[in-house]
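*Asks:* Coordinates for the following, if possible.
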Amino acid sequence: MLVQKLNACAEFITGDGTRMRELLHPDKQPLKLRYSLAHAVVSIGQTSTPHSLTTSEVYYILSGQGEMHIDDELEIVEAGDAIYIPPNARQFIRNSGAESLVFLCIVDPAWRKQDETIYSRTYALTKNITYGIYRC
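*Replies:* Numbers count the residues shown, from 1 in each chain. Next comes the predicted model:
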């Protein structure tokens, strides 16, 4: 059995500027997983750098509120929301709330640096529709 404690994971800054702790990754632990799981934090008023992955990704919001941008779409997200991000979609998230925006990232297949492209921070989106947000 593997129980991974969040506080035992080193925090680092990702290529998109998010504070991250990698919880599970098949290349770093003896696990039979296809995906990787990480805990992410975007500070108040901060925005992750626009980026894309060649793989699919899911964010699950644990606390806070933000604006999720996927390609030319925008949706307000909050605790309890699951966001599906398709492969090759340009994406970023902005903390629009009064507390840290905290979420889990699931990447399938598991995250690899060579699968990620970082774009200019000037990349902007303006459409506002409900894409990829699942609320029960």
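
*Asks:* make it CA atoms for all contacts and neighbour counts henceforth
*Replies:* Noted.

*Asks:* Okay, now the unreliable bits of this structure?
*Replies:* Filtered on pLDDT under 70, the chain yields the residue ranges 121-136.

*Asks:* Could you pull out the strands in this structure for me?
*Replies:* 11-13, 19-24, 36-42, 51-53, 56-63, 65-70, 73-78, 82-85, 91-95, 101-108, 116-118, 133-134 (DSSP state E).

*Asks:* Would you mind giving the ones you listed as a markdown table with distance to Q4 added?
*Replies:* What follows is these, written out as a markdown table (distance: least, CA to CA, whole Å):
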| stretch | distance to Q4 |
| --- | --- |
| strand 11-13 | 14 |
| strand 19-24 | 6 |
| strand 36-42 | 11 |
| strand 51-53 | 25 |
| strand 56-63 | 18 |
| strand 65-70 | 26 |
| strand 73-78 | 25 |
| strand 82-85 | 22 |
| strand 91-95 | 26 |
| strand 101-108 | 14 |
| strand 116-118 | 25 |
| strand 133-134 | 27 |
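
*Asks:* what's the neighbour count on the closest residue to F103 other than its chain neighbours?
*Replies:* Distances taken as CA to CA, 6 or more residues apart in numbering place I61 nearest to F103, at 4.2 Å, with adjacent residues excluded. When neighbours are defined as other CA atoms under 10 Å, I61 has 21 of them.

*Asks:* list the buried ones in stretch 45-53?
*Replies:* 46-53 (16 or more other CA atoms under 10 Å).

*Asks:* doesn't L104 make contact with the residue nearest to F103?
*Replies:* Yes. Using CA atoms under 8 Å, I61 is in contact with L104, at 6.5 Å.

*Asks:* coming back round to it: separation between the residue nearest to F103 and P30?
*Replies:* 27 Å (CA to CA, to the nearest Å).

*Asks:* again, but for Y119
*Replies:* 33 Å.

*Asks:* Who has more neighbours out of those two?
*Replies:* The neighbour count for Y119 versus P30, taken as other CA under 10 Å, is higher for Y119 (16 against 10).

*Asks:* any idea how far that one is from P26?
*Replies:* Counting by CA to CA, the gap from Y119 to P26 is 27 Å.
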